[in-house]
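[1] this one's sequence-less:
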């Protein structure tokens, strides 16, 4: 069964304290791995798509990497405005005619000034 | 460029009632998916619509149904509401142009069932 596990469930950082979020996945052929940011009560905001092991993408203080079993979201020198829930999702290559996303439960990040 | 829009923002219903949620996809997108997100959980796939037909359904009962219109907008209907249906309902759209796999989400509709 396709599955996504994120850790830690919650993370509290001081402003400027870099860290990484983990997303482990089991999927019957990876079509793509996606990172989203979600603020309380709002819809997920797209951050990155990764397609193959070794791929990396960056956006401001965020950098996403991908291996055959997991992905990391590295946050460098975070600011309070980076506080949010970060969701990881996968699409299976053999998931039928759709491109449905299978999500993890997210990591709640709090950055204190 | 208009993003995905959803209405209403919030909705309060009682058990046994029926509800309809609406979604307009991002400009240029023709495929709409619906997700349910319970508090503290990741979104769960309900179903996807393309060319006005349901393409695939997740593990949700027949009480959940949908429709897609010729302008690609979509509705999610839930009948015989249960307390457990309380959640944030998200609509996501994707198009044929690259990045063709990336789904963009709307702000969601918060449904509370009393």
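    Looks like it arrived, so ask away. It should be emphasised that the depicted structure is a prediction, and the values quoted were computed from it without experimental measurement. Numbering: from 1, shown residues only, chains lettered A, B, ... in the order given.
[2] Around chain A, pick out the residues from chain B.
    For chain B, the contact set with chain A under CB under 8 Å from any CB of the partner chain comprises B:4, B:6, B:33, B:35, B:40-45, B:48, B:55-56, B:58, B:88, B:90, B:92, B:94, B:99, B:101-108, B:110. For glycine as for every other residue, the C-beta is placed from the backbone atoms N, C-alpha and C.
[3] Show me the strands in chain A, by range?
    For chain A, strands defined by DSSP state E occupy the ranges A:3-7, A:10-14, A:19-26, A:30-38, A:45-50, A:56-59, A:62-66, A:70-75, A:84-92, A:102-103, A:107-112.
[4] and the host helix or strand of residue B:75, how far from the chain's centre?
    Per DSSP states H and E: residue B:75 is located in strand B:74-78. Strand B:74-78 sits 7 Å away from the centroid of its parent chain (CA atoms, centre = their mean, to the nearest Å).
[5] Check which helices and strands the helix or strand just after that strand sits against.
    For strand B:74-78, the following helix or strand on the C-terminal side (DSSP H and E) is strand B:87-95. When contacts are defined as 3 or more CB pairs under 8 Å, 6 or more residues apart in numbering or on different chains; DSSP states H and E, strand B:87-95 packs onto strand B:5-7, strand B:19-24, strand B:29-37, strand B:74-78, strand B:104-105, strand B:109-113.
[6] Show me what counts as buried in the fourth one.
    Residues B:74-76, B:78 are the ones in strand B:74-78 that count as buried (16 or more other CB atoms under 10 Å in any protein chain shown).
[7] go on, the second one?
    Of the residues in strand B:19-24, those with enough neighbours to count as buried (16+ other CB under 10 Å) are B:19, B:21-24.
[8] For residue B:14, which non-adjacent residue is spatially closest?
    Using CB to CB, 6 or more residues apart in numbering or on different chains and skipping residues adjacent in sequence, the residue nearest residue B:14 is residue B:114, 5.2 Å away.
[9] In chain A, which residue sits nearest chain B?
    residue A:103 (3.2 Å; CB to the nearest CB).
[10] need the buried residues of strand B:19-24 in TSV with pLDDT, can you?
    Formatted as TSV, the buried residues of strand B:19-24 follow (pLDDT from 0 to 100):
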residue	pLDDT
B:19	98
B:21	98
B:22	98
B:23	98
B:24	97
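[11] Can I have the buried ones of the residues of chain B next to chain A as a ChimeraX selection?
    Per 16+ other CB under 10 Å, the buried members of the residues of chain B next to chain A correspond to this ChimeraX selection:
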select /B:4,6,33,35,42,43,44,45,48,55,56,58,88,90,92,94,102,103,104,105,106,107,108,110
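[12] circling back to that earlier point, burial measure for the residue nearest to residue B:14, as a count.
    By the criterion of other CB atoms under 10 Å in any protein chain shown, residue B:114 has 10 neighbours.
[13] roughly how far apart are it and residue B:12?
    7 Å (CB to CB, to the nearest Å).
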